[in-house]
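In: next come a sequence and a model predicted from it.
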Amino acid sequence: MILPPIPTPFDRQGRLDPGAFRELAQALEPLVDGLLVYGSNGEGVHLTPEERAQGLRALAPTKPFLVGLMEETLPQAEGALQEARAAGAMALLATPPRYYHGSLGEGLLRYYQALAEGTPLFLYHVPQNTRVDLPLSAVEALAEHPNILGIKDSSGDLHRLAFYQARLKGFRVFTGHAPTFLGALALRAEGGILAAANLAPRAYRALLEHFRAGRMAEAMELQKRLFPLGDLLSRGGVPLLKQALRHLGLPAGYPRPPYPQESPLWGSFLPVLESLREEGWLL
């Protein structure tokens, strides 16, 4: 499965643009298997509860979708959980609490277990953003819960994916790290929830299909071809992704202030983008 973490469009003043949100989703959905809403690239941490609800009402996805949850406490999470359930999300995708993580202890397990009582749940390991490591021992314990379906791991750490493959039978694994996508597939990842799939969904779907069909030479060549796209995006983050989508004529909007509207990596990224566009891989 290929599920892009769709950006949340804001105007230049940082106001949510529900119409652009719907238009962007409609452009992406025919090319992918579903969406992640309010993930890291959706700036989920930048939204008020009212904006989260407004965006979900405007979006109305036609394919399966996940909703990101990046709260710090169970009371904060409850409203977002209810909204996702009412909107028809197939599951939540939840980061661990971050700010006081050193004091969390067994509260980490209780947090995820409590969320999973209310809705199907995927864990979300993205230490480059949260600065929190989700311990493998905790993942193994949580995988026993019938409503905790799997994990999105964006770390790029293939050792972790090898652990999931070896120890967690039936646990669904998605990678969020485009530069190691093929390696993740070799370690039984089901697919990718990739920022780069917002730009090149056809290419990542083709890579996945090559792998599933056993065409490893083609898969390896395409992974090599896509490496600069995924590598630069992993460093440029939301400003670079939104700038690239705007360049392609899509209504991605701008990052919410104070984050920059243009990326310092744009000069390096533009030739990569245009080269892939000439080859027919982009939207």
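Out: Yes, it's here.
In: now do the helices in the chain.
Out: With DSSP state H, the ranges of helices along the chain come out as 18-28, 49-59, 74-87, 107-118, 127-130, 136-142, 158-167, 181-186, 201-212, 216-247, 266-278.
In: closest to Tyr38 out of those helices?
Out: Taking Cβ to Cβ, helix 49-59 is the member of the helices of the chain nearest to Tyr38, at 6.5 Å. Quick note: C-beta positions are derived from backbone N, CA and C, even for glycine.
In: now do the buried residues in that closest one.
Out: 51-53, 55-56, 58-59 (16 or more other Cβ atoms under 10 Å).
In: can you pull the contacts of the closest residue to Ala184 other than its chain neighbours?
Out: Among residues not flanking Ala184 along the chain, Thr175 sits closest, at 3.7 Å (Cβ to Cβ, 6 or more residues apart in numbering). Contacts for Thr175 (Cβ atoms under 8 Å, 6 or more residues apart in numbering) come out as 152-154, 156, 161, 181, 184, 189, 191-194.
In: with adjacent residues omitted, what lies nearest to Met1?
Out: Nearest residue to Met1, sequence neighbours excluded (Cβ to Cβ, 6+ apart): Gly191, at 3.6 Å.
In: and the one you found, what pLDDT?
Out: pLDDT for Gly191: 97.
In: wait, doesn't it sit right on Phe174?
Out: Yes. Gly191 is within contact range of Phe174, at 5.6 Å (criterion: Cβ atoms under 8 Å).
In: which neighbours do the two share?
Out: 1, 3.
In: pull the most distant pair out of the contacts of Thr175.
Out: Counting by Cβ to Cβ, the most remote pair of these is Gly156 and Gly191, 15.7 Å apart.
In: look at Pro257 and say how many residues are nearby.
Out: Number of residues near Pro257 (other Cβ atoms under 10 Å) recorded here: 12.
In: who's in contact with it?
Out: 13-14.
In: try 10 Å
Out: 10, 12-14, 46 (Cβ atoms under 10 Å, 6 or more residues apart in numbering).
In: what do you get for Leu109?
Out: Contacts of Leu109 by Cβ under 10 Å, 6+ apart are 137-138, 141-142, 145.
In: and which of those is nearest to Gly267?
Out: Distances from Gly267 to the contacts of Leu109, taken by Cβ to Cβ, are shortest for Ala138, at 41.1 Å.
In: neighbours of that closest one, how many?
Out: The burial count for Ala138: 16, using other Cβ under 10 Å.
In: does it really touch Leu108, like I thought?
Out: Yes. With contacts counted by Cβ atoms under 10 Å, Ala138 reaches Leu108, the gap being 5.7 Å.
In: just the residues contacting the lowest-mean-pLDDT helix or strand in the chain, thanks.
Out: Ranked by mean pLDDT, DSSP states H and E, the weakest helix or strand in the chain is helix 74-87, scoring a mean of 88. Contacts of helix 74-87 with the rest of the structure, by Cβ under 10 Å, 6+ apart, involve 37-38, 44, 47, 49-50, 52-53, 55-57, 59-61, 65-71, 89-94, 97, 107, 110-111, 114-115, 117-121.
In: write a ChimeraX command that selects only the buried members of those.
Out: To isolate the buried members of the contacts of helix 74-87 in ChimeraX, using 16+ other Cβ under 10 Å:
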select :37,38,44,47,52,53,55,56,59,61,65,66,67,68,69,70,71,89,90,91,92,93,94,97,107,111,115,119,120,121
